[in-house]
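J.: Build me a model from this:
(2 chains)
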Amino acid sequence: MEKKIAVAVVEAVKALYGAEIGTEVIQVQPTKREFEGHLTVVVFPLLEVSKRKPEETGRSLGDYLVTHRKELVAGFNVVKGFLNIQVAASCWVEVLNGIQSEERFGFIPVSAEAPLVMIEYSSPNTNKPLHLGHIRNNLLGYSLAEIMRANGKRVVRTNIVNDRGIHICKSMLAWQKWGNGATPMSMGLKGDRFVGDFYVLFDTYYEEEQLNLKAEGLTEKEAEQRSTLMAETREMLRLWEAGDTAIRRLWKEMNEWVYAGFEETYRRLGIDFDRIYYESDTYTEGKKEVERGVSEGLFERRADGSVWADLSAEGLDQKLLLRADGTSVYMTQDIGTAKLRFDDYPIDKMIYVVGNEQDYHFQVLSILLDKLGFAFGKGLMHFSYGMVDLPEGKMKSRKGTVVDADDLMDEMIRTARVISHDLGKQEDFSTEEAEEIARLVGLGSLKYFILKIDPHRNITFNPKKSIDFNGNTGSFIQYTYARIRSVLRKAKEQGFTVPDRLPSDTPLASKEEALIQLLATFPLLVQEAGERYSPALVANYVYSLAKEYNQFYHDYAILRETNLSVRTLRLMLSYNTAKIIHSGMSLLGIALPERM
RNA sequence: GGUCUCGUAGUUCAACGGAUAGAAUAGAAGUUUCCUAAACUUUUGAUUCGGGUUCGAUUCCCGACGAGACUACCA
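T.: Residues are numbered from 1 along each chain as shown, chains lettered A, B, ... in the order given. Below you'll find the predicted structure:
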């Protein structure tokens, strides 16, 4: 609709002022509530060609549109430099017919030639369970993938698992020393939790060791160097890299436990991947690339054997790529992973969903890949998002102030169950139904809470206050959806049908026009969300749609409406609102209950 | 110190450079013979400060102040 108006205005400008302008000059936006009209044209940008005052220009354009395009424009008014347009009712009916006729309104079908976007997200370490920060990451990544797909892109969702390194060795060593052969099965624990506990155990003993050493009068640095635990860990890493079979077997077994745990958490969270990469497979590739860089004179090997990239020409500093002992660092691995990925897929766009603490890392990665001659280096996108903090400050795994992903999901579902129970809703449902609804609502609220916030911002998450189930929340949207489904069920029972299309002379009330207008903007919204990589945009749109429908619902007795054409209109509006809420929420990875 | 991100009602979030800065919560007052009251209606309340760019700035630029991140032979 906005586009139609823009085209019509271009035509009017040509007829009135004889000037050729592009539609991109025309700003068409929804009219603010306090003014009369549906859409508003901002005339300020047109003053240059009209050579007249804003009000006069607006009136001339309005007159032209009402006279020459009356099938589109039914009326107008001008306030200052704003031309408010009343769109003809028959237009809105046609728009609604258009929405009704499309299975997935607003989604662009994915063709085999479409650009291929790879999205990396999650990227866990295998030494501890997933926490709230990972939840934000996973939700953003999953949602972005859905949004890109809705924009007609081919999408490969990928996960790079940091399955090797000193941190894993800490868990392994602790298990060897103090595990007494325990397994997740024997302890009745989730595998990731089980291994994470050993990681914490290592740290506890390490702290103790450090305190003892410092008590002997050693400085902090000396104490670190004298640590036997650390020495054993490093030795373990060395053995791992050397391919020691016993160590490799232990490593494999403990990682399997962790993967089983992750799998469960991912499944509950409702996210998955198309392709998983393991750092243990990619880090050697990274080393090769770095060595190539050295031989091509791109990087410098120092006297101690370490390899560095000098990025001072780019305004950055020196960056380590290989340690003196030849082992790789994070950057080395990311170079290797990138190479393997581009060998595996014809990637047009690479998106890394990683926290903003790594902004610098990706800036450097982009430059390094570019230096190494990879065409994709410059175009890689770091989808950076803010930290999730607690009211007391930053989450610290060592201080035990981390909000565990599984615990949080449990808590959300529990809260949903309690609220549902208190409202007396559960009487209508079987135990299984009630439990399923609690699950959908609890998780939906959590997801919505995270996704509606602009990714750049840090989130302060208050576990005590938990998450609201009222207002701008996932459950509000779910409730609205369930209610619409209920209306449609009842309509069917009573023999009322939703037609394929409405006659164009169907009368419309302003509430109905407003709802159609909002529905009609969905394709633009999806496109914009794709261009701006913004799940938050989708979330806030779906909320405003749900809110609009709630008011509509409150004002009209849909099923008791006796006028046939009015009732079918309202049913059709309900049907399509549900359809688009469903589409929108699917972009966020949020499931909807049929009843609640 | 340097680089980057963020500063909006008491609180949590919105606002392609557009009109009188929107919602939600919390506070105050209402609405159930009626399709689901997890709803709806009314009401109180905010752009950190100072410059600049222009028809117009929460948005863009400069400076100050405040919060966070990075600046590791950690990942």
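J.: Residue A:530 reaches residue A:147, doesn't it?
T.: Yes - distance between residue A:530 and residue A:147: 5.4 Å, which falls inside the contact criterion (Cβ atoms under 8 Å). C-beta coordinates here come from the backbone N, C-alpha and C atoms, glycine included.
J.: State the helix or strand in which residue A:241 lies.
T.: Per DSSP states H and E, residue A:241 falls inside helix A:228-242.
J.: who does that helix touch, helix- and strand-wise?
T.: Judged by 3 or more Cβ pairs under 8 Å, 6 or more residues apart in numbering; DSSP states H and E, helix A:228-242 is in contact with helix A:166-178, helix A:191-215, helix A:245-269.
J.: Tell me the helix or strand right after the first one.
T.: Past helix A:166-178, further along toward the C-terminus, the next helix or strand under DSSP H and E is helix A:184-187.
J.: Check which residues of that next one are buried.
T.: Applying a neighbour-count criterion of 16 or more other Cβ atoms under 10 Å, the buried positions in helix A:184-187 are residue A:184.
J.: and that helix, what other elements does it pack with?
T.: Packed next to helix A:184-187, using 3+ Cβ pairs under 8 Å, 6+ apart, are helix A:191-215, helix A:245-269.
J.: can you tell if the first one touches RNA strand B?
T.: No - contact of helix A:191-215 with RNA strand B is not found when judged by Cβ under 7 Å from any atom of the strand; the minimum separation is 12.4 Å.
J.: Surely residue A:478 forms part of a strand?
T.: No - read with DSSP: H, G, I helix; E, B strand; the rest coil, residue A:478 is helix and lies in no strand.
J.: Distance of it relative to residue A:90?
T.: Distance, residue A:478 to residue A:90, by Cβ to Cβ, to the nearest Å: 34 Å.
J.: These two: which has the busier surroundings?
T.: The neighbour count for residue A:478 versus residue A:90, taken as other Cβ atoms under 10 Å, is higher for residue A:478 (26 against 16).
J.: tell me the contacts of the more buried one?
T.: Contact analysis of residue A:478 by Cβ atoms under 8 Å, 6 or more residues apart in numbering lists A:440, A:441, A:444, A:590, A:592, A:593, A:596.
J.: so which of the residues you listed are also by RNA strand B?
T.: When contact is defined as Cβ under 7 Å from any atom of the strand, these meet RNA strand B at A:441, A:596.
J.: Which pair of the contacts of residue A:478 spans the longest distance?
T.: Farthest pair in the contacts of residue A:478 (Cβ to Cβ) is A:590 and A:596. Separation: 13.2 Å.
J.: thinking again about what came up before, need the contact partners of the helix holding residue A:241.
T.: By Cβ under 8 Å, 6+ apart, the surrounding residues in contact with helix A:228-242 are A:164-166, A:169-170, A:172-173, A:202, A:205-206, A:209, A:224, A:247-248, A:251, A:327.
J.: any idea how far residue A:458 is from residue A:472?
T.: Residue A:458 is 19 Å from residue A:472, by Cβ to Cβ.
J.: These two: which is more packed in?
T.: residue A:472 (16 against 13).
J.: Mind checking what secondary structure that one has?
T.: The local conformation at residue A:472, judged by three-state DSSP, is coil.
J.: what's stretch A:59-67 in contact with?
T.: Residues outside stretch A:59-67 that contact it (Cβ under 8 Å, 6+ apart) are A:8-9, A:12-13, A:15-16, A:41, A:43, A:46, A:50, A:52, A:72-78, A:83, A:85.
J.: Centre-most residue in chain A?
T.: Against the mean C-alpha coordinate of chain A, by Cα atoms, centre = their mean, the closest residue is residue A:140 at 2.2 Å.
J.: so it sits in a helix?
T.: Yes - per three-state DSSP, residue A:140 lies within a helix segment.
J.: Now do the contacts for it.
T.: A:121, A:353, A:383, A:385, A:450, A:451, A:455, A:535.
J.: Which ones among those map onto strands?
T.: A:353, A:383, A:385 (DSSP state E).
J.: so the second one sits right up against residue A:144, yeah?
T.: Same thing as residue A:383. Yes - counting by Cβ under 8 Å, residue A:144 is a contact partner of residue A:383 at 6.6 Å.
J.: These two: which is more packed in?
T.: Counted by other Cβ under 10 Å, residue A:383 and residue A:144 do not tie: residue A:144 has more neighbours, with 25 against 20.
J.: what stretches of the stretch 251-400 of chain A score poorly on pLDDT?
T.: For the stretch 251-400 of chain A, the stretches flagged by pLDDT under 70 are A:397-400.
J.: low pLDDT regions in chain A?
T.: The model of chain A has pLDDT under 70 over residues A:397-400.
J.: care to break it down by domain?
T.: Residue ranges for the domains of chain A, per automatic domain parsing: A:2-87, A:165-269, A:405-588.
J.: In TSV, list those domains along with distance to residue A:359.
T.: Formatted as TSV, the domains of chain A follow (distance: least, Cβ to Cβ, whole Å):
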stretch	distance to residue A:359
domain A:2-87	32
domain A:165-269	22
domain A:405-588	11
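J.: Export the helices and strands packed on helix A:184-187 as CSV, with columns for mean neighbour count.
T.: Formatted as CSV, the helices and strands packed on helix A:184-187 follow (neighbours: other Cβ atoms under 10 Å):
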stretch, mean neighbour count
helix A:191-215, 18
helix A:245-269, 17
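J.: closest to residue A:99 out of those?
T.: The nearest among the helices and strands packed on helix A:184-187, by Cβ to Cβ, is helix A:245-269 at 31.3 Å.
J.: can the closest one be found next to RNA strand B?
T.: No - interface with RNA strand B: helix A:245-269 contributes nothing (Cβ under 7 Å from any atom of the strand), its closest point being 13.3 Å away.
J.: List the buried residues of the following helix or strand past that helix.
T.: Next helix or strand after helix A:245-269 toward the C-terminus (DSSP H and E): strand A:275-278. Buried residues in strand A:275-278, defined by neighbour count with 16+ other Cβ under 10 Å: A:277, A:278.
J.: got the angle between the following helix or strand past strand A:275-278 and helix A:228-242?
T.: Where DSSP H and E defines the elements, the next helix or strand beyond strand A:275-278 is helix A:279-295. Relative orientation of helix A:279-295 and helix A:228-242, computed by axes from the mean of the first three to the mean of the last three Cα atoms, to 10 degrees: 80 degrees.
J.: Nearest spatial neighbour of residue A:429, chain-adjacent residues omitted?
T.: Distances taken as Cβ to Cβ, 6 or more residues apart in numbering place residue A:437 nearest to residue A:429, at 6.7 Å, with adjacent residues excluded.
J.: what about the one you found, which helix or strand?
T.: Applying DSSP H and E, one finds residue A:437 within helix A:431-451.
J.: Check which helices and strands that helix sits against.
T.: By 3+ Cβ pairs under 8 Å, 6+ apart, helix A:431-451 packs against helix A:132-150, helix A:405-422, helix A:474-493, helix A:535-555, helix A:564-588.
J.: what about 6 Å?
T.: The helices and strands touching helix A:431-451, judged by 3 or more Cβ pairs under 6 Å, 6 or more residues apart in numbering; DSSP states H and E, are helix A:132-150, helix A:405-422, helix A:474-493.
J.: got the contact list for the closest residue to residue A:105 other than its chain neighbours?
T.: Spatial nearest neighbour of residue A:105, excluding adjacent residues (Cβ to Cβ, 6+ apart): residue A:99 at 5.0 Å. Shown in contact with residue A:99 (Cβ atoms under 6 Å, 6 or more residues apart in numbering): A:105, A:519, A:576.
J.: Surely residue A:99 forms part of a helix?
T.: Yes - looking at residue A:99 with three-state DSSP, it is inside a helix.
J.: Over to the residue of chain A at minimum distance from RNA strand B: give its phi and psi.
T.: Per Cβ to the nearest atom of the strand, residue A:471 is where chain A lies closest to RNA strand B, at 1.8 Å. Residue A:471 adopts backbone torsions of phi 80, psi -140, taken as degrees, to the nearest 10.
J.: residues from the stretch 301-450 of chain A in reach of RNA strand B?
T.: Within reach of RNA strand B by Cβ under 7 Å from any atom of the strand, the stretch 301-450 of chain A has these residues: A:302, A:304, A:306, A:317, A:320, A:323-325, A:329-330, A:333, A:356-361, A:386-387, A:393-394, A:416, A:419-420, A:423, A:425, A:437, A:441.
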